[in-house]
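Enquirer: fold the following and give me the result.
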Amino acid sequence: MSNMQYLGIFLVLWGISTLAVAALKPPALWNIAKIQSLVKSFGDKGTVIFMSVWGVVGLGAGVALLVTQGG
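Expert: As a prediction, the model looks like this:
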């Protein structure tokens with residue numbers, strides 16, 4: 001496997017986990033300081049949208065890397 005395939009796998013996993021945190025809002029993760037600072041800046045719904053957008057971007061980039069690298 002090449003480094004780009006590893007990066008693709010990482011981005012897919014990161015995108016899925018980001019989407020899961022945005023959708024499920026588990027208290028152990030949702031209450032950490034960095035996410036709470038986003039909630040203060042964007043509001044609850046805005047934070048969910050922000051995290052969902054970045055999750056989709058990560059997932060799409062990971063899939064694109066895997067497809068182009070033959071993974």
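Enquirer: would you state the helices of this protein in chain order?
Expert: For the chain, applying DSSP state H gives helices covering 3-24, 27-30, 33-68.
Enquirer: buried sites along the second one?
Expert: By neighbour count with 16 or more other CB atoms under 10 Å, helix 27-30 contains the buried residues W30. The way it works is simple: take the backbone N, C-alpha and C, and place the C-beta from them, glycine included.
Enquirer: hmm, back to that, in CSV, list the helices of the chain along with mean pLDDT.
Expert: Output for the helices of the chain, formatted as CSV (pLDDT from 0 to 100):
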stretch, mean pLDDT
helix 3-24, 96
helix 27-30, 94
helix 33-68, 96
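Enquirer: wait, what's in contact with Q36?
Expert: Contacts here follow CB atoms under 8 Å, 6 or more residues apart in numbering; on that basis Q36 touches W30.
Enquirer: gap between it and G15?
Expert: Here the criterion is CB to CB, to the nearest Å. By it, Q36 lies 22 Å from G15.
Enquirer: please apply the same query to G55.
Expert: According to CB to CB, G55 and G15 sit 5 Å apart.
Enquirer: with K40 instead?
Expert: Applying CB to CB to K40 and G15 gives a distance of 25 Å.
Enquirer: these two: who's more crowded?
Expert: Neighbour count, other CB atoms under 10 Å: between K40 and G15, G15 has more, with 20 against 9.
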